[in-house]
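Q: Predicted model follows, preceded by the sequence.
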Amino acid sequence: RKEVEQDPGPFNVPEGATVAFNCTYSNSASQSFFWYRQDCRKEPKLLMSVYSSGNEDGRFTAQLNRASQYISLLIRDSKLSDSATYLCVARGGATNKLIFGTGTLLAVQP
Amino acid sequence: DTAVSQTPKYLVTQMGNDKSIKCEQNLGHDTMYWYKQDSKKFLKIMFSYNNKELIINETVPNRFSPKSPDKAHLNLHINSLELGDSAVYFCASSQERYEQFFGPGTRLTVL
């Protein structure tokens, strides 16, 4: 079982839709969590950090539930440009090691 | 202008060869990393150096040897390449435990 698990998708949604991605992690010692975005044949880029209190950045909302070891990302009013793979990431320990999920592919349709 | 750069971008080689991938960052970061992304798009850490000192060394065959000549460079040398080494290799850098910035990747194909 992978340390960080995600539904691989693909999620095919129309423009303007709201879409939610879920992620679970198995290592309760994980300290920090992130969502990264990876476009096709490009490098991963940090989308947002995830805080226990929940946090929002424009159309994007991230939530963390430490008790359930569950992380979510909500995208409202989807744009064509949101089409990408979304990677759930956990970090723990002294070495800043990032543990990536397998990613969820989002395809926003016109 | 490029923050984290890698060379080459593409590398096609025969089984058994030895090859190197170079990484440079101009962000002034003190920590650099190598990740491997396999054909199923799974991204996994291989190595990390902090101020030229190896701090992460995952379960990677010893055919892979990272070398950090200075804080701005982290190279990856691979001996006796195998088919299973075909993947995209990403270099990344960060300042301590802050955000990691990734390079554009090197797509390695072993024939």
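A: Thanks, I have the structure now.
Q: what does chain B have sitting close to chain A?
A: B:31, B:40-45, B:48, B:55-56, B:90, B:94, B:96-97, B:99-100, B:102-105 (CB under 8 Å from any CB of the partner chain). Placement of C-beta: from N, CA and C, glycine included.
Q: Just the ones of these in strands?
A: Using DSSP state E, the members of the residues of chain B next to chain A that fall within strands are B:T31, B:L43, B:K44, B:I45, B:S48, B:I55, B:I56, B:F90, B:S94, B:F102.
Q: Which of those residues sits closest to A:G9?
A: Distance to A:G9 across these (CB to CB) is lowest for B:L43, with 16.1 Å.
Q: Am I right that B:N79 is in contact with B:D18?
A: Yes - with contacts counted by CB atoms under 8 Å, B:N79 reaches B:D18, the gap being 4.9 Å.
Q: For the most centrally placed residue in chain B, list the residues it contacts.
A: Among the residues of chain B, B:W34 comes closest to the average C-alpha position under CA atoms, centre = their mean, at 3.4 Å. Neighbouring residues of B:W34 by CB atoms under 8 Å, 6 or more residues apart in numbering or on different chains: B:C23, B:I45, B:M46, B:F47, B:S48, B:P66, B:L74, B:L76, B:Y89, B:F90, B:C91, B:A92.
Q: The helix or strand containing it pairs with which strands, and in what direction?
A: According to DSSP states H and E, B:W34 maps onto strand B:31-37. Applying DSSP bridges, strand B:31-37 is found paired with strand B:43-50 (antiparallel), strand B:87-94 (antiparallel).
Q: Bridge partners for the residue in chain B that chain A sits nearest to, pull those for me.
A: Closest residue of chain B to chain A, CB to the nearest CB: B:F102 (3.8 Å). On the basis of DSSP bridges, B:F102 is bridged to B:A92.
Q: give me the number of residues near it?
A: Residues near B:F102, counting by other CB atoms under 10 Å in any protein chain shown, number 22.
Q: What of B:N75?
A: Neighbour count for B:N75, taken as other CB under 10 Å: 19.
Q: beta partners of it?
A: Bridge pairing for B:N75 - DSSP bridges - gives B:K67.
Q: what residues are up against it?
A: By CB under 8 Å, 6+ apart, the contact set of B:N75 is B:S20, B:I21, B:K22, B:C23, B:P66, B:K67, B:S68, B:P69.
Q: Please tabulate the residues you listed in CSV, including the columns pLDDT and neighbour count.
A: Shown next, in CSV, are the contacts of B:N75 (pLDDT from 0 to 100; neighbours: other CB atoms under 10 Å in any protein chain shown):
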residue, pLDDT, neighbour count
B:S20, 97, 13
B:I21, 98, 22
B:K22, 97, 16
B:C23, 97, 25
B:P66, 93, 22
B:K67, 92, 14
B:S68, 92, 19
B:P69, 91, 9
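Q: what residue ranges in chain B score low on pLDDT?
A: B:1-2 (pLDDT under 70).
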